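Colleague: Have a look; sequence and predicted model below, questions after that.
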Amino acid sequence: MQQPTRIAPSILSADFARLGEEVRAMQAAGADMLHIDVMDGHFVPNITIGPAVLKALKAHSSLPFDVHLMIAPADPFIEDFAAAGADTITFHPEAGPHPHRTVQHIKALGKRAGLALNPGTPVAAVEELLGDIDLVLAMTVNPGFGGQRFISGQLDKIARLRRLIDDSGRPIDLEVDGGINTETAPRAIAAGADLLVAGTAGFAGGPKRYADNIRGLRG
Ligand code: DX5
Ligand code: ZN
């Protein structure tokens, strides 16, 4: 069942020199969780942050940490991210040969497990794992950078994922990530999304704007 829309600002678009303040401001502005984009310069052509930063941010926010691993392999780092304070750990099936094993690993650590689908990755990559996972992340840009344009061709995939999730009868979040703004958010929601990542649109205009930005995306 599609839930009321929740907004997860991606700290990739925050001011990295003031990350603690940024995260506090986003929580005060009404964010539902924090989306943390972890990139390794190998799975994606960019490098961002690791578990040490996550751990440091934990002191600045009581929001759930929604960790998006764009790293390969992911398995050797799952424990570090769990220990650093991740609440949900999402990985890409292309990151390793055994996504089912990775899901079990995350669950065994008491964390929620998510599977991320690149624009070119078929829905079939998630089907056999719907009985185990807590979240599906549909990428509406190719991973690696904030500020890219929303790929509208993915809306049909989001709708198919919504049907599969509803058929499963399980409480699985359907998260959409990439190019979300006030124009694309309603389209993603109409297709079935109930959790929206907002990097550029979330942090636009600085802290005074965060509450309005979040309200505008929630619809
Ligand atoms: C892209 C990341 C996204 C990104 C979203 O690889 O997974 O979370 O930060 O940024 P915007 O909202 O600017 O597209
Ligand atoms: Zn992301």
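Modeller: That came in fine, so what should we check first? For clarity, every value in this text was computed on a predicted model and none was experimentally measured. Ligands and ions are numbered 1, 2, ... in the order given.
Colleague: which stretches of the chain aren't confidently modelled?
Modeller: Of all residues in the chain, none has pLDDT under 70.
Colleague: can you give me the strands in it?
Modeller: Counting by DSSP state E, the chain has strands at residues 6-9, 34-39, 65-70, 88-91, 112-117, 135-139, 173-177, 195-198.
Colleague: right, so of the ones you listed, which gets closest to Phe16?
Modeller: For Phe16, the closest of the strands of the chain is strand 34-39, at 11.9 Å, according to C-beta to C-beta. In short, each C-beta sits where N, CA and C put it, glycine included.
Colleague: if we can go back for a sec, make a markdown table from the strands of the chain and add mean neighbour count to it.
Modeller: Converted to a markdown table, the strands of the chain look like this (neighbours: other C-beta atoms under 10 Å):
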| stretch | mean neighbour count |
| --- | --- |
| strand 6-9 | 26 |
| strand 34-39 | 25 |
| strand 65-70 | 26 |
| strand 88-91 | 28 |
| strand 112-117 | 23 |
| strand 135-139 | 25 |
| strand 173-177 | 26 |
| strand 195-198 | 27 |
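Colleague: dump the residue contacts of the closest residue in space to Leu195 that isn't next to it in sequence.
Modeller: Leaving out its chain neighbours, the residue that sits closest to Leu195 by C-beta to C-beta, 6 or more residues apart in numbering is Glu175, at 4.0 Å. Contacts for Glu175 (C-beta atoms under 8 Å, 6 or more residues apart in numbering) come out as 8, 66, 90, 114, 135-138, 193-197.
Colleague: With respect to ligand 1, which of the residues you listed is nearest?
Modeller: The shortest gap between ligand 1 and any of the contacts of Glu175 belongs to Val197, at 4.7 Å (C-beta to the nearest ligand atom).
Colleague: That's all I had, so thanks and see you.
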